[in-house]
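Q: sequence and predicted structure are below.
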Amino acid sequence: MGALGSLVRGLFSLTPLLLLAAAVLKLFFVDVILVPHNGMAPTLVAGDRVLVWRRAHVDMGDIVVCEHPASPTASVLARAVAFAGHTISSDGHGNLLVDDDRASIEWGNEMRFYDVTRQKLFTMRQGSIDYQRQNRHDFIVERDTTFTLRTYAVNRGVYLLGDNRSDSIDDSREFGEVDPAKCQGQIFMRLTPAERNDDDIHHSYFEMLL
């Protein structure tokens, strides 16, 4: 009990410093937001509470929060996949292309995904994608469908694409490129997960998303 007691007292003695550090981070560097939709499933789902590093430089593969290009009072949340000078498209097999570089995809098993915003259970194909050898992450597409993306030449902004390829209304397929100068920052951690549903997506507390 002596050693345990000393450890507990030591942890309690650090509490004020930890609280101070958290307050400084929140004040100057970090925002906490609630994920509003399922366009980034399976990486993020509606109801996840995440940390955003303010004014982070937007790089390939980053999950970012930006001002909606058509509605300055609204925000968009998706993954940066193409930048000024790039042309993004898909081929007839559902592969993603940035310029002439076809992303490397490894397909996994089917998974059940309950979309709380639509109150519907979907069967999805899950894949792991790596484009331009800079970022590998999971994505999903509804079973018996093929991902399609209209060819788009990025002018001066950033093209955002959700990891849920079957949800096209929450990324640049719907609203076009975004201005990187109007991005709030990069999502780097899941603070708290959304309430669990009866599906195959289960997240944990304090998960890094880099």
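A: The structure has been received and is ready for your questions. This structure is a prediction, so every number in the text was calculated from the model and none was measured.
Q: now the residue most central in space within the chain, nearest residue through space, not along the chain?
A: With distances taken as CA atoms, centre = their mean, the residue of the chain nearest its centroid is residue 63 (4.3 Å). Counting by CB to CB, 6 or more residues apart in numbering, residue 187 is the residue found nearest to residue 63 once chain neighbours are left out, at 4.3 Å. For the C-beta atoms, the positions are set from N, CA and C on the backbone; glycine is no exception.
Q: the one you found touches residue 209, doesn't it?
A: Yes: in this structure residue 187 lies within contact range of residue 209 using CB atoms under 8 Å: 5.9 Å.
Q: so what sits against both of these two?
A: 44, 50, 63 (CB atoms under 8 Å, 6 or more residues apart in numbering).
Q: got the contact list for the residue lying closest to residue 35 once chain neighbours are set aside?
A: Distance criterion CB to CB, 6+ apart; nearest residue to residue 35, sequence neighbours excluded, is residue 48 at 4.4 Å. Residues near residue 48 by CB under 8 Å, 6+ apart: 34, 35, 190, 192, 193, 194, 203.
Q: all helices for the chain, in order.
A: 2-28, 172-175 (DSSP state H).
Q: those: lowest mean pLDDT?
A: Here the lowest mean pLDDT among the helices of the chain goes to helix 2-28, at a mean of 48.
Q: got the domain ranges for this protein?
A: 1-29, 35-208 (automatic domain parsing).
Q: most packed of the ones you listed?
A: When the domains of the chain are scored by mean count of other CB atoms under 10 Å, the highest mean neighbour count falls to domain 35-208 (a mean of 17).
Q: roughly how far does the residue nearest to the centre of the chain sit from residue 74?
A: Here the criterion is CB to CB, to the nearest Å. By it, residue 63 lies 17 Å from residue 74.
Q: go on, residue 61?
A: 24 Å.
Q: cool, residue 98 as well?
A: 26 Å.
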